[in-house]
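Student: Got a predicted structure here, sequence first:
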Amino acid sequence: MNRISKEILAELDGQDKEELEEKGFKSGDVGTIDFIKQDGTRQMFPYSQLITTWTEKSDEHNLIKLFFSTHHVSLKGFNLSTLYELIRQQNLEILIARDERYLNTSKDSQPYVIGIEIEWKGEKE
């Protein structure tokens, strides 16, 4: 886990912290999804604004794209099918992007997000 993620985890309470540290995500019956990028930037979206989601698999990575009413969010990583199902069921609460260097420390079937990109859908200059 990179330095910024450790600082963010330090702000969370015990159970949330342990689950995020181990898995990089937290699920629950919530109305929002909170994305935490590697640089510590956080952005939360209500599931009520989620329009559609799709996933794609390449030889190297998995990709999940979420289309909210005002933003596009792209997730890049490995073994993301569990996260896709949690999103589909609106049960993904918090997701942290982690450093790819530590991928070998996670379980083989464990989802591992290495990148989160958030783009505003508004008019471009």
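Tutor: On my side now, so go ahead. Numbers count the residues shown, from 1 in each chain.
Student: For the rest of this, base every contact and every neighbour count on C-alpha atoms.
Tutor: Noted.
Student: the strands in this structure, which residues?
Tutor: Applying DSSP state E to the chain gives strands spanning 25-27, 32-36, 42-46, 50-57, 62-68, 71-78, 92-96, 112-120.
Student: Given the longest one, what are its sheet partners and their directions?
Tutor: According to DSSP bridges, strand 112-120 forms sheet pairs with strand 71-78 (antiparallel).
Student: Tell me which residues are up against the strand it pairs with.
Tutor: 61-67, 111-121 (Cα atoms under 8 Å, 6 or more residues apart in numbering).
Student: Once you drop chain neighbours, what's closest to residue 88?
Tutor: Nearest residue to residue 88, sequence neighbours excluded (Cα to Cα, 6 or more residues apart in numbering): residue 53, at 7.8 Å.
Student: what about the one you found, how many neighbours?
Tutor: 16 (other Cα atoms under 10 Å).
Student: and it, what is it in contact with?
Tutor: 64, 65, 66, 67, 88.
Student: one step back: from the strands of the chain, which stretch is densest packed?
Tutor: strand 92-96 (a mean of 23; mean count of other Cα atoms under 10 Å).
Student: Show me what that one is packed against.
Tutor: On a contact count with 3 or more Cα pairs under 8 Å, 6 or more residues apart in numbering; DSSP states H and E, strand 92-96 meets strand 25-27, strand 32-36.
Student: Out of these, the one nearest residue 104 is which?
Tutor: Shortest separation from residue 104 across those is recorded for strand 25-27, at 17.1 Å, computed as Cα to Cα.
Student: Restrict stretch 32-51 to CA atoms and write it as PDB.
Tutor: Written as PDB, here are the backbone C-alpha positions of stretch 32-51 (Å, rounded to 0.1, in the frame of the first residue of the first chain):
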ATOM      1  CA  THR A  32     -22.900   5.700  -2.600                       C
ATOM      2  CA  ILE A  33     -19.600   4.600  -4.000                       C
ATOM      3  CA  ASP A  34     -16.300   6.300  -2.800                       C
ATOM      4  CA  PHE A  35     -13.300   6.100  -5.100                       C
ATOM      5  CA  ILE A  36      -9.800   6.700  -3.700                       C
ATOM      6  CA  LYS A  37      -7.000   7.200  -6.200                       C
ATOM      7  CA  GLN A  38      -3.400   6.400  -5.500                       C
ATOM      8  CA  ASP A  39      -2.600  10.100  -5.000                       C
ATOM      9  CA  GLY A  40      -5.200  10.300  -2.200                       C
ATOM     10  CA  THR A  41      -7.800  12.100  -4.300                       C
ATOM     11  CA  ARG A  42     -11.300  10.900  -3.300                       C
ATOM     12  CA  GLN A  43     -14.600  11.300  -5.100                       C
ATOM     13  CA  MET A  44     -17.900   9.800  -4.100                       C
ATOM     14  CA  PHE A  45     -21.000   9.200  -6.400                       C
ATOM     15  CA  PRO A  46     -24.500   8.200  -5.600                       C
ATOM     16  CA  TYR A  47     -25.600   5.000  -7.200                       C
ATOM     17  CA  SER A  48     -28.800   6.800  -8.200                       C
ATOM     18  CA  GLN A  49     -26.700   8.700 -10.800                       C
ATOM     19  CA  LEU A  50     -25.100   5.500 -12.300                       C
ATOM     20  CA  ILE A  51     -26.400   5.100 -15.900                       C
END
